[in-house]
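In: A predicted structure for the sequence below; I have some questions about it.
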Amino acid sequence: MPIPNKMADRLQLIVSNLHWRYSGVTATNRMVAPHLAKMIRAGWLGSDAPDGIDRLGVADLLSLWLRRQPLIWHARRNNEMIAGVFLKAMGWPFRLLFTSAAQRHHSWITRWLIRRMDAIIATSSISASYLKRAATVITHGVDTDRYAPPADRAAAFAEAGLPGRYAIGCFGRVRAQKGTDLFVEAMCELLPHYPDFTAVIVGEIKPDQAGFTNALRQRIAAAGLQSRIVILGELEIAEVQRWYQRLTIYAFTSRNEGFGLTLIEAMAVGAALVATRAGAAEIVVEDGISGILAPIDDAAALARAVEPLMRDPVAAAAMGARGRQRVLDKFSVEAEAKAINEVYKTLL
């Protein structure tokens, strides 16, 4: 709901989400924002506002001009940093904070913007190493109530009407960066030997990825696996959460990643995890205990890592339970929110 104008002066935090398309950054922002709003007077500016935090409109933003009390502008993208820098220069009493998940050298404009932030959060020590300035490392967290194991995983899978008894999934935008082709190649090798499994791909298919997606479909058809490698495309958030609960195994196949929220989402629902060493995988996963790590960009190695879990679903379930506990211990959204709020305190 929109925040009442009379309350705008009491704001301490603006959570900006200035992006028209739902993305992983949006997902992480939506996950933590309601928990932050329990700790600090916060408003959400932009699209895809979650429940549990007031919405901030343009009129509210304008009413904050030249107010005396400091106000945190929390940005997660370049355009949000640009907006914060501009508004601060025009008289808004902003303390600028940027969260960086990128694991790469930044462009000159990003470096210029980062130098103008009052504080920086990095989602991993690897991300922090690319920033060229001090940063507080706070890993992403997941809502372990929303992302929780189903009461009956077999029944959850059965309601999908797919062949077999078990599902293995790969979620995220369908593109080479996410390694969707590696997943398809590994499944084409393994599924003929494991008839109880069906593979599920969930994620946005952008128009510029139509050729890539068509090549995947052709590879699936050539293997005769059209009914057992299912590309569902983009789904509503609640439906994605339900599909997680249908999985026995989750494959994180990225070639390059910032953090990789799907890692901890899949672990939180109790799916056994096989992950390439991209993003935060090496931080999140205890190799061989709460998941299995595999080399990046190697479909054969991915298949070798997945195969023992397909051969032994009971062992997969046990690994999934250990993964769930790992998230509860180290990667809950409550812990993330508390750590972010400590940074807010230093700015206010």
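Out: Yep, it's here.

In: How far away from the center of its chain is the longest helix seen in the chain?
Out: In the chain, with assignment by DSSP state H, the single longest helix is helix 313-330. The chain centre lies 19 Å from the centre of helix 313-330; the measure is C-alpha atoms, centre = their mean, to the nearest Å.

In: just checking, what packs against it?
Out: Secondary-structure packing of helix 313-330 (3 or more C-beta pairs under 8 Å, 6 or more residues apart in numbering; DSSP states H and E): helix 261-268, strand 272-276, helix 299-311. In short, each C-beta sits where N, CA and C put it, glycine included.

In: okay if I get those as JSON lines plus mean pLDDT, mean neighbour count and distance to Ala160?
Out: JSON lines is the format used below for the helices and strands packed on helix 313-330 (pLDDT from 0 to 100; neighbours: other C-beta atoms under 10 Å; distance: least, C-beta to C-beta, whole Å):
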{"stretch": "helix 261-268", "mean pLDDT": "96", "mean neighbour count": "28", "distance to Ala160": "17"}
{"stretch": "strand 272-276", "mean pLDDT": "98", "mean neighbour count": "29", "distance to Ala160": "18"}
{"stretch": "helix 299-311", "mean pLDDT": "98", "mean neighbour count": "19", "distance to Ala160": "18"}
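
In: how about TSV for these, with distance to Leu96 added?
Out: What follows is the helices and strands packed on helix 313-330, written out as TSV (distance: least, C-beta to C-beta, whole Å):
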stretch	distance to Leu96
helix 261-268	24
strand 272-276	33
helix 299-311	40
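
In: Out of the ones you listed, flag the one nearest Ala199.
Out: In terms of C-beta to C-beta, the element of those nearest to Ala199 is helix 299-311, at 10.0 Å.

In: Determine the set of other helices and strands touching the closest one.
Out: Under the contact rule (3+ C-beta pairs under 8 Å, 6+ apart), helix 299-311 is packed against strand 166-171, helix 180-190, strand 249-252, strand 272-276, strand 292-294, helix 313-330.

In: Just send the ones you listed back as CSV, with distance to Phe197 too.
Out: Converted to CSV, the helices and strands packed on helix 299-311 look like this (distance: least, C-beta to C-beta, whole Å):
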stretch, distance to Phe197
strand 166-171, 5
helix 180-190, 8
strand 249-252, 8
strand 272-276, 12
strand 292-294, 16
helix 313-330, 9
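
In: Please name whichever of the ones you listed is nearest to Ala154.
Out: Of all the helices and strands packed on helix 299-311, strand 166-171 sits nearest to Ala154, with 8.5 Å by C-beta to C-beta.

In: So for stretch 209-220, what gets flagged as buried?
Out: By neighbour count on 16 or more other C-beta atoms under 10 Å, the buried set for stretch 209-220 is Gln209, Thr213, Leu216, Arg219, Ile220.

In: Most widely separated two among those residues?
Out: Gln209 and Ile220 (15.7 Å).

In: Show me what stretch 147-155 is in contact with.
Out: With C-beta atoms under 8 Å, 6 or more residues apart in numbering as the test, stretch 147-155 has contacts from 156, 165, 241, 244-246, 248, 265, 268-270, 317, 320, 324.

In: run the last query once more with 10 Å
Out: 31, 142, 156-159, 165-167, 240-242, 244-248, 264-271, 313, 317, 320-321, 324, 327, 333 (C-beta atoms under 10 Å, 6 or more residues apart in numbering).

In: and what of stretch 209-225?
Out: With C-beta under 10 Å, 6+ apart, stretch 209-225 has contacts from 173-178, 180-181, 183-185, 187-189, 191-192, 198-199, 201, 203, 205-206, 226-231, 233.

In: Over to stretch 330-339?
Out: Under C-beta under 10 Å, 6+ apart, the answer for stretch 330-339 is 28, 31-40, 121, 123, 136-147, 261, 263-265, 267-268, 280, 283-284, 286, 290, 327-329.

In: Kindly recompute the last result at 8 Å.
Out: 31-32, 35-36, 38-39, 136, 138-144, 264, 267, 284.

In: before we move on, what about stretch 16-25?
Out: For stretch 16-25, contacts defined as C-beta under 8 Å, 6+ apart pick out 26, 29-30, 44-49, 73-77, 79-80, 83-84, 101, 172, 204, 258-259, 261.

In: Okay then, goodbye and thanks.
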